[in-house]
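Enquirer: build me a model from this:
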Amino acid sequence: MREGFGFIGIEREAEYAAIAEARIAHHAQAFTPSLDLGGAA
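Expert: Numbers count the residues shown, from 1 in each chain. You can find the predicted model right below:
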């Protein structure tokens, strides 16, 4: 997410899938993408 790439997560165990979902949700809320226009106003 931080690098701007999409991804697909695969987890066989439901317990670990829930942990991964919580981590993704946390980082999705904390990350706000910004657009760098190279100094253009």
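Enquirer: what are the ranges of the helices in this protein?
Expert: Under the criterion DSSP state H, the chain carries helices at the ranges 14-30.
Enquirer: shaky segments in it?
Expert: For the chain, the stretches flagged by pLDDT under 70 are 1-2, 31-37, 39-41.
Enquirer: can we see that at 50?
Expert: The model of the chain has no residue with pLDDT under 50.
Enquirer: contacts for stretch 13-22 next, please.
Expert: The contact list for stretch 13-22 (Cβ atoms under 8 Å, 6 or more residues apart in numbering) reads 9, 11. Backbone N, C-alpha and C define where each C-beta goes, glycine included.
Enquirer: please report phi then psi for Ile10.
Expert: Phi and psi for Ile10, reported as degrees, to the nearest 10, are phi -130, psi 130.
Enquirer: for Glu11, give its distance to Ala17.
Expert: Using Cβ to Cβ, to the nearest Å, Glu11 is found at 4 Å from Ala17.
Enquirer: just the CA atoms of stretch 5-24, as CSV, please.
Expert: Extracted in CSV, the C-alpha atoms of stretch 5-24 (Å, rounded to 0.1, in the frame of the first residue of the first chain):
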residue,chain,number,x,y,z
PHE,A,5,1.1,-1.2,-5.6
GLY,A,6,-2.0,-3.4,-5.4
PHE,A,7,-1.8,-6.9,-4.1
ILE,A,8,-3.6,-10.2,-3.6
GLY,A,9,-3.3,-11.9,-0.2
ILE,A,10,-3.8,-15.6,0.1
GLU,A,11,-4.1,-17.4,3.5
ARG,A,12,-5.1,-21.0,4.1
GLU,A,13,-5.9,-20.6,7.8
ALA,A,14,-9.0,-18.5,8.7
GLU,A,15,-7.3,-17.3,11.9
TYR,A,16,-4.4,-15.8,10.0
ALA,A,17,-6.7,-14.4,7.4
ALA,A,18,-8.5,-12.4,10.1
ILE,A,19,-5.1,-11.1,11.4
ALA,A,20,-4.1,-10.1,7.9
GLU,A,21,-7.4,-8.3,7.3
ALA,A,22,-7.0,-6.3,10.6
ARG,A,23,-3.4,-5.3,9.6
ILE,A,24,-4.5,-4.2,6.1
